[in-house]
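Peer 1: Need a 3D model of the sequence below.
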Amino acid sequence: MADTSIRERLLLAVLAAVRPTAERLGATLHRSPTVAIGREHCPALVLFPESETITERANDCVTRELTIRLVAVARAVPPQAPETEADRLITAAHAALMADGNLGGLCLGIREQDCEWEVEDADAVAAAIPARYRIIYRTLANDLSIQG
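Peer 2: Take a look at the predicted model:
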């Protein structure tokens, strides 16, 4: 994996961390889908990388903060509450992600940022709970694939 960036390895590690939880709860797992998650794929857990910033440069090392968004999506037909299912999924995913705070040594730490609730009246009431996390890690200034 020498040609793979630390950022990509982090995203794969996040997916690996939450996959058992998603499967145990009967949810599908997706990364950056380009179309909406259909009813047949719900409940679902979706990973979106959002942004990355450089926070510090010291000698040949760069400290980076990768912001990701995990979204729990659930659909239900009333009187079932999709919010309850989405909450259960994001709660379990959060616990799985935070269980290894440095993702196997790839990062310096994971910090929870915020969480939102979205409920829509689609083909069945749909709820999405996006939670954002900031992953702090270091690379060499001249090579994104080597930890700094």
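
Peer 1: So which bits of whichever helix or strand residue 83 is part of are buried?
Peer 2: Here residue 83 is covered by helix 82-98, with elements defined by DSSP states H and E. Applying a neighbour-count criterion of 16 or more other C-beta atoms under 10 Å, one finds 82-83, 85-90, 92-94, 96-97 buried in helix 82-98. Using the backbone N, CA and C atoms, a C-beta is placed for each residue, glycine as well.

Peer 1: Which of these sits closest to residue 128?
Peer 2: The nearest member of these to residue 128, counting by C-beta to C-beta, is residue 86 at 6.5 Å.

Peer 1: how close does the residue in the chain sticking out farthest from the centre sit to residue 148?
Peer 2: In the chain, the residue that sits farthest from the middle, by C-alpha atoms, centre = their mean, is residue 59; the gap is 30.6 Å. Residue 59 sits 9 Å away from residue 148, going by C-beta to C-beta, to the nearest Å.

Peer 1: Show me which helix runs longest in this protein.
Peer 2: helix 6-24 (DSSP state H).

Peer 1: Contact partners for residue 50?
Peer 2: Applying C-beta atoms under 8 Å, 6 or more residues apart in numbering, we find residue 50 in contact with 67, 68, 69, 132.

Peer 1: Quick check: it is in a helix.
Peer 2: No - per DSSP: H, G, I helix; E, B strand; the rest coil, residue 50 lies outside any helix segment and is strand.

Peer 1: So for the residue most central in space within the chain, what's the pLDDT?
Peer 2: Geometric centre of the chain, nearest residue: residue 70, 3.6 Å, by C-alpha atoms, centre = their mean. What the model reports for residue 70 is a pLDDT of 96.

Peer 1: Okay, and the beta partners of the closest residue to it other than its chain neighbours?
Peer 2: The shortest distance from residue 70 to any non-neighbouring residue, by C-beta to C-beta, 6 or more residues apart in numbering, is to residue 131 (5.2 Å). For residue 131, the beta-bridge partners are residue 70, residue 115 (DSSP bridges).

Peer 1: Helix or strand with the lowest mean pLDDT in the protein?
Peer 2: strand 118-121 (a mean of 65; mean pLDDT, DSSP states H and E).
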